[in-house]
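# Prediction below, plus the sequence it came from.
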Amino acid sequence: MGISNVAVSESTNMASPQALKKGSSDGNSSQELQDNFLTLLIAQMKNQDPTNPMDNSQLTSQLAQINTLAGIERLNTTLGMVSGQIDDSLSVNASNMIGKGVMVPGNKILVATSEVEGSESEKETITTPFGFELMRDAESVVITIKDENGNVVREVDLGSIPAGVSSFTWDGELNDGTLAPDGSYTFSVNATYDGQKVSSTPLSYSVVYGVINSKVNNKVLLDLGILGSISIDEVRQIL
């Protein structure tokens, strides 16, 4: 039929603005608060009026608040370390994709004619893979391919396709039986189920040429050459 599947490979009281800005250097870190609190607590216990001792519930509450603050600071530190490790891991995973083909949102198909190896006269038509992502199963999926002028050159009914990502290749054959000239083509997807339209996202093929660690939005981007760059989470399939 001309189209085939692709194999997938705190708050501080009475403090000056300056004191608030300095933070932990002026004794506001949880560790310093704990040290200062314990020093004051010991002094208070030594000098307390035996007839009017400290309120144990208040003491317990103060200790709990400080321990909570300490826990939050430790959690923030840990999260920062984990975030850095995740970013490093993403960069490593992305670098492993260099040189590989990926399916990303887009609707282009490139066509080129190449000589058959071992033959000077025989030629073959090569096309880039294309695909789509369905949000649910579809009873019917029709692919419409257009040339650079917007003319419909090929329509193919793929039949029923399950939800998810599917990839295909076009053999370059047009509706009239001739082969498509070299160039750039676009395609659209019309998927239906029980007469109702099924949401779909067209996917184009590209090769990953490099990895970009973006400092603007702290994302790992893939360099797709003339197609620009995309976030790694936009990749729908690796071929």
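Perfect, I can see it now.

# and D137, how many neighbours?
Residues near D137, counting by other C-beta atoms under 10 Å, number 13. (C-beta placed from N, C-alpha, C; glycine too.)

# swap in the one 5 residues further on?
Burial measure for V142: 15 neighbouring residues, criterion other C-beta under 10 Å.

# State the mean pLDDT of the helix or strand in which it is found.
Using DSSP states H and E, V142 sits in strand 138-146. Mean pLDDT, computed over strand 138-146, is 97.

# Keeping just the C-alphas, turn it into CSV.
Written as CSV, here are the backbone C-alpha positions of strand 138-146 (Å, rounded to 0.1, in the frame of the first residue of the first chain):
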residue,chain,number,x,y,z
ALA,A,138,-8.7,4.4,16.3
GLU,A,139,-10.9,2.2,14.0
SER,A,140,-9.7,4.2,11.0
VAL,A,141,-6.6,6.3,10.3
VAL,A,142,-6.2,8.0,7.0
ILE,A,143,-2.9,9.7,6.1
THR,A,144,-3.0,12.5,3.5
ILE,A,145,0.4,13.6,2.0
LYS,A,146,0.8,17.0,0.2
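
# Tell me which other helices or strands whichever helix or strand comes after that strand touches.
Scanning forward in sequence from strand 138-146 by DSSP H and E, the next helix or strand is strand 152-161. In this structure, strand 152-161 makes packing contacts with strand 138-146, strand 164-170, judged by 3 or more C-beta pairs under 8 Å, 6 or more residues apart in numbering; DSSP states H and E.

# so can I have CSV of the ones you listed showing distance to N93?
CSV is the format used below for the helices and strands packed on strand 152-161 (distance: least, C-beta to C-beta, whole Å):
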stretch, distance to N93
strand 138-146, 31
strand 164-170, 19
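
# For D176, find the nearest of those.
Ranking the helices and strands packed on strand 152-161 by proximity to D176 (C-beta to C-beta) places strand 138-146 first, at 13.0 Å.

# So what are the sheet partners of that closest one and their directions?
Take DSSP bridges as the rule and strand 138-146 pairs in its sheet with strand 152-161 (antiparallel), strand 183-193 (antiparallel).

# Among those, which comes closest to A138?
It is, among the strands paired with strand 138-146 and with distance given as C-beta to C-beta, strand 183-193, at 4.0 Å.

# buried stuff in that closest one?
185-187, 189, 191, 193 (16 or more other C-beta atoms under 10 Å).

# relative to strand 164-170, how tilted is it?
Here strand 183-193 points in a direction 140 degrees away from that of strand 164-170 (axes from the mean of the first three to the mean of the last three C-alpha atoms, to 10 degrees).

# ok, the host helix or strand of A112: who's next to it in the sheet?
Element membership of A112, judged by DSSP H and E, is strand 108-115. Sheet pairing of strand 108-115 (DSSP bridges) gives strand 123-127 (antiparallel), strand 183-193 (antiparallel).

# Would you mind giving the ones you listed as JSON lines with distance to V207 and mean pLDDT added?
Formatted as JSON lines, those follow (distance: least, C-beta to C-beta, whole Å; pLDDT from 0 to 100):
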{"stretch": "strand 123-127", "distance to V207": "14", "mean pLDDT": "86"}
{"stretch": "strand 183-193", "distance to V207": "16", "mean pLDDT": "96"}
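
# closest to M135 out of those?
Across the strands paired with strand 108-115, closest to M135 is strand 183-193 (C-beta to C-beta), at 8.9 Å.

# hey, C-alpha coordinates of stretch 226-234 in CSV?
Provided in CSV are the C-alpha atoms of stretch 226-234 (Å, rounded to 0.1, in the frame of the first residue of the first chain):
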residue,chain,number,x,y,z
ILE,A,226,18.1,22.6,10.7
LEU,A,227,15.0,21.5,12.6
GLY,A,228,16.3,23.5,15.7
SER,A,229,16.4,22.2,19.3
ILE,A,230,13.8,20.5,21.4
SER,A,231,13.5,19.4,25.0
ILE,A,232,14.3,15.7,25.5
ASP,A,233,10.8,15.1,26.9
GLU,A,234,9.4,15.9,23.5
